[in-house]
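Q: Need a 3D model of the sequence below.
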Amino acid sequence: MNDVSLAPLLTPEGRALLDEVRGTDPARELAVATRLRREHPAELVSAALGQARLRQRAAAKFGAEDAERMFFTPNGVEQSTRTTVATHRAERFRDLGVRSVADLCCGIGGDAIALARAGIRVLAVDRDPLTAAVARANADALGLGELIEVREADVTEVDTAAYDAVFVDPARRGGRGRIFDPEAYSPPLSWATGAALGAPLAALKIAPGIPHEAIPAEAEAEWISDGGDVKEAVLWFGTEPGLVRATLLPGPRVLRGRGLPDPGVRPPGRYLYEPDGAVIRAHLVAEAAEELDGGLLDETIAYVTSDVLHPTPYATAYEITDLLPFNVKRLRVLLREREIGVLTVKKRGSAVEPEELRRKALPKPHGRGALTVFLTRVAGAPTMLLGRPAG
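A: Numbering: from 1, shown residues only. This is a model prediction of the structure:
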């Protein structure tokens, strides 16, 4: 979609056409397009069908109800914040007493929408004309136009002094895919940090793989996972400098860093715990291990082991039934003997590809049983731990 094709979709004819093509099966698009072009301009039909596809993709992030009313670009669907994560951040802003936010690099408006729904007045800024137009259309479509002002501008030239807080979501994708160097973000992390330090309170959205040494000393760093998948990291300014936290959604469940030393290495116990990805990214495995009264299988691998089952939101527990040296033939025999039909392969510290092992160890199902195999190291030796989810 381009800025030329958005405007017609906002007309009564365009909106009616969007309603008509809602939920169109991709396999039927050609037939639907052929029929609709008899009564509507071809460009409008193509734009409506393209928008219908984007709305179907966006439902996973925004929920079907909102997605069916919103407008999207391909990059907007790909790069926008998931609603659950945006809502968590907006609620934190609200709980910190924020009543107005300058949302810089607002994209199609996902975070601005969450902020407005939390009762916060938003200035949403993006320099791309189409992106700004889509953000404006989304604010209006969801009845939030009075709380969200969308401005097409270069964020580096926007005066944010009148706002309680600043939120910056720099572009982290370029023509060649994801950008890993924070100084290659658009705008660079150094500029975003300067903007944050000049505001009473601020949050910067960054890639979860950011090196910890790149985090400014003035910032609190938060890693967020949703349903077990790590979604992003956020640097907060004006809260608790130096704090590291892992936030797990839904919940939220928050694990705060306490500067604990790395857990000790110990022999495998009855239970193995796989920490949530946000806990690992935040370097808080030690804090999780202390809660579990556990130790590490290997000093370089984030698997925690314990003799006792401890309920925790910060890790998934497995009961271990077998501990074997890495041997594909032996594993294949064991799976056949136990009539295993479903094999889940997880790995840390192993060069073996899970799909390759699954194909070799279980060329065909032997029954209805299920088993999880962890490929890892124990005391430096390649090892297989077999088990099943505990509890």
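
Q: Going by C-alpha atoms from here, please, whenever you check contacts or count neighbours.
A: OK.

Q: Give me the contacts around the longest helix seen in the chain.
A: Ordering each helix of the chain by length in residues (DSSP state H) puts helix 42-62 first. Helix 42-62 is contacted by residues 1, 5-6, 8-9, 14, 17-18, 21-24, 26, 29, 33, 36-37, 64-68, 70-74, 77, 81-83 when judged by CA atoms under 8 Å, 6 or more residues apart in numbering.

Q: From those residues, list the buried ones, please.
A: Using 16 or more other CA atoms under 10 Å as the burial test, the contacts of helix 42-62 include 5-6, 8-9, 14, 17-18, 21-22, 29, 33, 36, 66-68, 70-73, 77, 81-83 as buried.

Q: can you tell me which of those are in helices?
A: 5-6, 8-9, 14, 17-18, 21, 29, 33, 36, 66-67, 77, 83.

Q: Could you identify the most distant pair in those residues?
A: Pairwise distances across these (CA to CA) peak at 33.1 Å, for the pair 36 and 83.

Q: List the contacts of the closest residue to residue 229 other than its chain neighbours.
A: Of all residues beyond its chain neighbours, the one nearest residue 229 is residue 277 (6.7 Å), with distances taken as CA to CA, 6 or more residues apart in numbering. Residue 277 is in contact with 225, 228-230, counting by CA under 8 Å, 6+ apart.

Q: quick one, strands of the stretch 151-300 of the chain?
A: 165-168, 173-174, 177-178, 202-206, 219-226, 229-237, 244-249, 253-256, 271-275, 295-298 (DSSP state E, counting those that start in this stretch).

Q: which of these sits most buried?
A: For the strands of the stretch 151-300 of the chain, average neighbour numbers computed from mean count of other CA atoms under 10 Å are highest in strand 165-168, which has a mean of 26.

Q: residue ranges with poor pLDDT in this structure?
A: 1-5, 173-177, 179 (pLDDT under 70).

Q: Nearest spatial neighbour of residue 98, chain-adjacent residues omitted?
A: The shortest distance from residue 98 to any non-neighbouring residue, by CA to CA, 6+ apart, is to residue 164 (5.7 Å).

Q: Thought residue 100 was touching the one you found, still the case?
A: Yes. The criterion here is CA atoms under 8 Å, and residue 164 meets it with residue 100 at 5.2 Å.

Q: quick one: buried residues of stretch 344-351?
A: By 16+ other CA under 10 Å, the buried positions in stretch 344-351 come out as 345-347, 349.

Q: just stretch 155-165 next, same as before
A: Neighbour-count burial for stretch 155-165, counted by 16+ other CA under 10 Å, picks out 155, 160, 163-165.

Q: What is the end-to-end distance of that stretch?
A: Its first and final residues considered, stretch 155-165 spans 14 Å by CA to CA, to the nearest Å.

Q: gap between it and the chain center?
A: How far stretch 155-165 lies from its chain's middle: 27 Å, per CA atoms, centre = their mean, to the nearest Å.
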